[in-house]
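J.: Predicted model follows, preceded by the sequence.
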Amino acid sequence: MQSRNEQLMAEAVKYIPGGVNSPVRAFGSIGSCPRFIKRADGALLWDEDGQEYIDMIGSWGPMILGHHHPKVWEQVAKAGPMGLSFGAATAAEVEMAKLVCSLVPSVELVRMVNSGTEAVMSAIRVARGYTRRNKIIKFTGCYHGHSDGLLVKAGSGVMTAGVPDSLGVPEGCTSDTLSAVYNDLESVRAHFSRCGEEIAAVIVEPVAANMGVVEPEEGFLQGLREICDQYDALLIFDEVITGFRLGIDGAQGYYNVRPDLTTFGKIIGAGMPVGAYGGRREVMEVVAPLGGVYQAGTLSGNPVAMAAGMAQLNWLKDHPHSYETLNQRAAAFFDSIREMLTELKLPWQVNHVGSLGCLFFTGQTVHDYESAKTSDTKAYADYCNYMLTHGVYLAPAQFEAMFLSMAHSDAQLKQVLETMRAYFEQL
Ligand code: HOZ
């Protein structure tokens, strides 16, 4: 007999391409049936079959306080009845912008949008408009959403599906996108030596988290800053994943490097569809209606999304030690996986930065896209299916991260470790 998840998938494929609204959700790379999630609370999820999971994804990052946080929910419940969308200016947007600018020192002006993809697409346009240059550098394996110009050697879903670049993206859209190697400043310098005066910006995930998790090596982010300064190009940090996660001031605070522009994603809306881009006043002043770079959106700064996001950001601001606790707990968790692998003589790699981490099924250290690709994705699929069947909800793809939240208890993390151990021991 089919499970409810299977029944739903059978129905979904009739009406939705591949049955899902985002490819990674299809569970294709692990050869399994998607879990249709019915409800979530704290660090737990329940699917339509009633199976309970410890959630190690957290909606791909934004649920840093866990699901259904009372403070967030209280504000959403207040904002909803006042109106779902006005397509007009609201006090909440002003408050949100003020809050983001006060929390992230490099951001002096900020514009709300509806997703990380939109934020990055807009930030690139701003960088081009400000510098009057066209080329951008991105890093192989870094994912910046699915806008045309950035679907070049993107990581994540594209990497998992084995699609190097997307169909439907005309060459003209990507001809100004140059690829460099993550953690390799020479590969960046080579582009600048060839055509530095044409390069508008370098965009980077300060911690790469869409080819699995890859930490920037010492001096890498600082080196990017120096090269950009040398050539009057802008440095864009895509903090869709790291923003308000590694700390209240994101990766730029964690590594003490100040970008010109920053993009944020769903964490700014506590899981509601929100993104934002912001940066130096002088640069952001090119955005319409102040300047000549057009960017717009009826739903941008949506009142309910702003209420949810502000509740989460205010909570984080009012609990400055919460990051320390989360990062310490995460360090202990990822260290335990490493120790377990050593004890069981398994050669795999654990990469982590703060509450982001991942397990690569490779014996090589992973520091860029090429080394990430040495991971055995079949081994990951087997492991992931075991974990799912035993109540741990992991990303259904090797090249994604685990996201710990402040709602994960020691007992829940211990349970995840015990489930991993049970899997490793039966290999
Ligand atoms: N790599 C994406 C999160 N950064 C996966 C989520 C999705 O594409 O739906």
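T.: Good, I have the coordinates. Residues are numbered from 1 along each chain as shown.
J.: where exactly do the strands run in the stretch 51-200 of the chain?
T.: 52-55, 109-113, 135-139, 177-180, 199-204 (DSSP state E, counting those that start in this stretch).
J.: swap that for the stretch 201-350 of the chain, please
T.: For the stretch 201-350 of the chain, the strands defined by DSSP E, counting those that start in this stretch occupy 234-238, 261-264, 275-279, 349-353.
J.: List of residues touching the first one?
T.: Taking contacts as CB atoms under 8 Å, 6 or more residues apart in numbering, the residues outside strand 234-238 that touch it are 116, 120, 123-124, 127, 130-131, 142, 144, 200-206, 224-225, 228, 250-252, 257, 259-263, 283. Any C-beta I mention is one placed from the backbone N, CA and C, and that applies to glycine too.
J.: tell me the contacts of the most centrally placed residue in the chain?
T.: Closest to where the C-alpha atoms of the chain average out (CA atoms, centre = their mean) is residue 241, at 3.0 Å. When contacts are counted by CB under 8 Å, 6+ apart, residue 241 is found next to 60-61, 205, 207, 209-210, 265, 356, 401.
J.: and of the strands of the stretch 201-350 of the chain, who's closest to the ligand?
T.: Put simply, out of the strands of the stretch 201-350 of the chain the one that sits nearest the ligand is strand 234-238, at 10.2 Å, with distance taken as CB to the nearest ligand atom.
J.: Just want the angle from the closest one to strand 135-139.
T.: On the basis of axes from the mean of the first three to the mean of the last three CA atoms, to 10 degrees, strand 234-238 is oriented at 40 degrees to strand 135-139.
J.: Taking their axis directions, strand 234-238 and strand 275-279 sit at what angle?
T.: Using the same axes, to 10 degrees, strand 234-238 lies at 150 degrees relative to strand 275-279.
J.: starting at the chain centroid, how far to strand 234-238?
T.: Strand 234-238 has its average C-alpha position 15 Å from the chain's average C-alpha position, going by CA atoms, centre = their mean, to the nearest Å.
J.: Can you give the strand pairings for that strand, parallel or anti for each?
T.: Listed by DSSP bridges, the sheet partners of strand 234-238 and their directions read strand 199-204 (parallel), strand 261-264 (parallel).
J.: so which of these is the most packed in?
T.: Of the strands paired with strand 234-238, the one with the most neighbours on average (mean count of other CB atoms under 10 Å) is strand 261-264, at a mean of 30.
J.: which other residues reach it?
T.: Counting by CB under 8 Å, 6+ apart, the neighbours of strand 261-264 from elsewhere in the structure are 100, 104, 106-107, 116, 119-120, 123, 126-127, 144, 201, 234-240, 243-244, 250, 252, 275-280, 283-284.
J.: mean confidence score for it?
T.: Confidence over strand 261-264 (mean pLDDT, whole number) is 98.
J.: repeat for stretch 179-196
T.: 97.
J.: Any idea how far it is from the middle of the chain?
T.: For stretch 179-196, the separation from the chain centroid amounts to 24 Å (computed by CA atoms, centre = their mean).
J.: just stretch 76-83 next, same as before
T.: Using CA atoms, centre = their mean, we find the averaged C-alpha position of stretch 76-83 to lie 28 Å away from the chain's own average C-alpha position.
J.: For that stretch, buried residues please.
T.: Of all the residues in stretch 76-83, those buried under the rule 16 or more other CB atoms under 10 Å are 76, 79.
J.: again with stretch 10-30
T.: Judged by neighbour count (16+ other CB under 10 Å), stretch 10-30 contains these buried residues: 12, 19-20, 23-30.
J.: Same check on stretch 339-352?
T.: Using 16+ other CB under 10 Å, the residues of stretch 339-352 that count as buried are 340-341, 348-352.
J.: which two from these end up farthest apart in space?
T.: For the buried residues of stretch 339-352, the farthest-apart pair by CB to CB is 340 and 351; their separation is 15.4 Å.
J.: With distance to residue 154 added, can I get the strands of the stretch 201-350 of the chain in a markdown table?
T.: Rendered in a markdown table, the data for these read as follows (distance: least, CB to CB, whole Å):
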| stretch | distance to residue 154 |
| --- | --- |
| strand 234-238 | 12 |
| strand 261-264 | 15 |
| strand 275-279 | 17 |
| strand 349-353 | 19 |
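J.: hmm, back to that, so which of the buried residues of stretch 10-30 would you say is closest to the ligand?
T.: Scanning the buried residues of stretch 10-30 for proximity to the ligand, where the rule is CB to the nearest ligand atom, the winner is residue 24, at 4.6 Å.
J.: So that closest one sits against residue 395, correct?
T.: Yes: look at residue 24 against residue 395 with CB atoms under 8 Å: they come within range, at 7.4 Å.
J.: With distance to residue 368 as extra columns, can I get the strands of the stretch 51-200 of the chain in CSV?
T.: Conversion of these to CSV gives the following (distance: least, CB to CB, whole Å):
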stretch, distance to residue 368
strand 52-55, 29
strand 109-113, 30
strand 135-139, 8
strand 177-180, 10
strand 199-204, 12
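J.: tell me the most buried of those strands?
T.: Taking mean count of other CB under 10 Å as the contact definition, the stretch among the strands of the stretch 51-200 of the chain with the greatest mean neighbour count is strand 199-204, which reaches a mean of 26.
J.: mind checking pLDDT for residue 89?
T.: 97.
J.: I misspoke; the intended subject was residue 169.
T.: Residue 169 carries a pLDDT score of 88 in this model.
J.: repeat for residue 84
T.: Residue 84 is assigned a predicted lDDT (pLDDT) of 97.
J.: can you pull the contacts of it?
T.: Residue 84 touches 302-304, counting by CB under 8 Å, 6+ apart.
J.: Now, the residues you listed that are in helices?
T.: Restricting the contacts of residue 84 to those inside helices, with DSSP state H as the criterion, leaves 303-304.
J.: In a markdown table, list the contacts of residue 84 along with neighbour count.
T.: Shown next, in a markdown table, are the contacts of residue 84 (neighbours: other CB atoms under 10 Å):
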| residue | neighbour count |
| --- | --- |
| 302 | 26 |
| 303 | 19 |
| 304 | 21 |
